[in-house]
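Asks: Here is a sequence together with a model predicted from it:
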Amino acid sequence: MKEAYKPIRAGKAMKGLMEDYFRELDAAARTGERKVAWCTSVGPAEILRAMGFLVWFPENHAAMLGATRASAECIPVANSLGYSPEICSYLTSDVGAYKRGFTPLATAYPGIESIPRPDVLVYNTNQCRDVQDWFQFYQREFDVPIVGVHTHRGVGEVTEAHIRSVASQMEQLIAPLEKVTGKSLDEAELGRVVAESRQTSVLWKKVLLTGAATPSPLTFFDACIHMGPAVVLRGDERANRYYEQLLAEMEERVAQGVAAVDGEKFRLYWDGMPVWGKLRDHSGLFASLDTCVVASTYCNSWVFDQLDPADPFNSMARAYTELFIVRSEDEKERYIRDMLETYKVDGILFHDAKTCPNNSNNRYGMPERLRAGTGVRSLTINGDLNDLRCYSAEQSRTAIEAFAEQLAQRG
Ligand code: SF4
């Protein structure tokens, strides 16, 4: 039986780093020694870190609820409060878990009993409107300040007008945040954090790019696990030390020809969210088909190498506006075409996630246009990031096996 998952040595360091991150937040919330900001996953984390906040990302918590399949008990609780089963299942998982007083952190890290209470809530609508509604729920629960950035969506060319608009909204966050911390923003510290955050992105991008090697040293499923620090600790130098270690290990695999999937025959691109509760199953299924999912839109969404410590606000505005999810259909198509070429991809898997139209790029003719323009075939599977009621393991397996068969016949 083929190994479904080839262990990555650096994984131990990552687990330790993530535990430190959660325990620091827990201690801060219990002692009140540090302020805690809740932030959306592609929100202005650099500003918050530079102002001394510890930063909690509800989307990361929601992904844990999905990966541990605890979402099944949480989503209906949020539904009963009027949050529709049709909206973001990260939102409904997280709100439902909060209402139940449940967190998977309590099982993973003995001593942690609850998520850290926020002192302020900070969102950016660059990814979707759901994050604003999600944070407004907590604003009503905790009665703490909420501030946000409203980003243009469906952006083609990113213009100076876009950048000015977003940068000035980011500047306007500072005064209300200073009220929470009781201290002024230290601009030198902001520059330092932006430089560290840029470095996190540079290293994470290099890790992902090792997947362009044949055979690929890592899979999309590995990347979904190892992206944790790039999401929750970007701008913290400990994340950079971690990615140096991971990068060295991936480069070593490339030099030695070590494949993430032994006997790699086909290379796929994954577009859309992972199905968190099926990550391991998918990893095993693709490995059994000698297929490596070598790259994804999703894991590349935490690459912000536009950040510039000499021009923090404008460069943050650019980084968080040039993001894939913010862009027009044409820009998205161009991006995926580049990825297909860089990673020498044989086929694309689109995950149409029922509750996240924002990350489901198959709905407006993209697969057909890519096939016409590049000859690369695609398969769409229906599912969801967290709500497994929307996912059929049997149907997906049959479709994926048939797709691998088609690729084999193509030769
Ligand atoms: S982008 Fe999708 S998964 Fe992320 S918060 Fe918005 S609706 Fe939820």
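Replies: That came in fine, so what should we check first?
Asks: Give the next helix or strand downstream of the host helix or strand of Glu249.
Replies: Assigned by DSSP states H and E, Glu249 belongs to helix 237-256. Per DSSP H and E, helix 237-256 leads on to strand 266-271 as the next helix or strand towards the C-terminus.
Asks: Is it correct that Pro116 falls within a strand?
Replies: No. Pro116: not assigned to a strand; according to DSSP: H, G, I helix; E, B strand; the rest coil it is coil.
Asks: for the closest residue to Leu209 other than its chain neighbours, what are its contacts?
Replies: The shortest distance from Leu209 to any non-neighbouring residue, by Cβ to Cβ, 6 or more residues apart in numbering, is to Thr342 (7.6 Å). Every residue, glycine included, has its C-beta placed from N, CA and C. Taking Cβ atoms under 8 Å, 6 or more residues apart in numbering, we find Thr342 in contact with 209, 212, 295.
Asks: got the residues you listed as JSON lines, with distance to Ala108 columns?
Replies: JSON lines is the format used below for the contacts of Thr342 (distance: Cβ to Cβ, whole Å):
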{"residue": "Leu209", "distance to Ala108": "30"}
{"residue": "Ala212", "distance to Ala108": "33"}
{"residue": "Ala295", "distance to Ala108": "29"}
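Asks: Name the nearest of the residues you listed relative to the ligand.
Replies: Ala295 (19.4 Å; Cβ to the nearest ligand atom).
Asks: and Val293, how far is that from the ligand?
Replies: Relative to the ligand, Val293 is positioned 19 Å away (Cβ to the nearest ligand atom, to the nearest Å).
Asks: A strand includes that residue, no?
Replies: Yes. Counting by three-state DSSP, Val293 falls inside a strand.
Asks: what about it, how many residues close to it?
Replies: By other Cβ atoms under 10 Å, 30 other residues sit near Val293.
Asks: tell me the pLDDT at the spatially closest residue to it that is not a sequence neighbour?
Replies: Distance criterion Cβ to Cβ, 6+ apart; nearest residue to Val293, sequence neighbours excluded, is Phe220 at 3.9 Å. Phe220 is assigned 98 on the pLDDT scale.
Asks: Would you agree Phe220 is in contact with Cys299?
Replies: Yes. With contact defined as Cβ atoms under 8 Å, Phe220 counts as touching Cys299 (6.6 Å).
Asks: before we move on, back to that, for the helix holding Glu249, C-alpha coordinates in CSV please.
Replies: The C-alpha atoms that make up helix 237-256 are tabulated as CSV, following Å, rounded to 0.1, in the frame of the first residue of the first chain:
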residue,chain,number,x,y,z
GLU,A,237,10.4,36.4,13.0
ARG,A,238,9.7,32.9,14.5
ALA,A,239,7.6,32.1,11.4
ASN,A,240,10.6,33.1,9.2
ARG,A,241,13.0,30.7,11.1
TYR,A,242,10.4,28.0,10.6
TYR,A,243,10.1,28.5,6.9
GLU,A,244,13.9,28.6,6.5
GLN,A,245,13.8,25.1,8.0
LEU,A,246,11.0,23.9,5.8
LEU,A,247,12.5,25.4,2.7
ALA,A,248,15.8,23.6,3.4
GLU,A,249,14.0,20.3,3.8
MET,A,250,12.1,20.8,0.5
GLU,A,251,15.2,21.8,-1.4
GLU,A,252,16.9,18.7,0.0
ARG,A,253,14.1,16.6,-1.3
VAL,A,254,14.4,18.2,-4.7
ALA,A,255,18.2,17.7,-4.8
GLN,A,256,17.7,14.0,-3.9
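Asks: who's in contact with stretch 246-259?
Replies: Here stretch 246-259 has contacts from 6, 8-10, 14, 203, 206-207, 210, 213, 215-218, 226, 260, 292, using Cβ under 8 Å, 6+ apart.
Asks: ok, back up a step: ok, and the most crowded of the contacts of Thr342?
Replies: Top of the contacts of Thr342 by neighbour count (other Cβ under 10 Å): Ala295, with 29 neighbours.
Asks: got the contact list for the residue nearest to that residue when sequence neighbours are not counted?
Replies: Computed as Cβ to Cβ, 6+ apart, the closest residue to Ala295 that is not its neighbour in sequence is Tyr343, at 4.3 Å. For Tyr343, the contacting residues are 211-212, 216, 267, 269, 294-295, by Cβ under 8 Å, 6+ apart.
Asks: Try it again at 6 Å.
Replies: For Tyr343, the contacting residues are 212, 294-295, by Cβ atoms under 6 Å, 6 or more residues apart in numbering.
Asks: Save those as CSV, and put in pLDDT and distance to Arg117 too.
Replies: Below are the contacts of Tyr343 laid out as CSV (pLDDT from 0 to 100; distance: Cβ to Cβ, whole Å):
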residue, pLDDT, distance to Arg117
Ala212, 98, 43
Val294, 98, 41
Ala295, 98, 38
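Asks: out of the residues you listed, who's nearest Ile146?
Replies: Nearest to Ile146 among the contacts of Tyr343, counting by Cβ to Cβ, is Ala295 at 35.6 Å.
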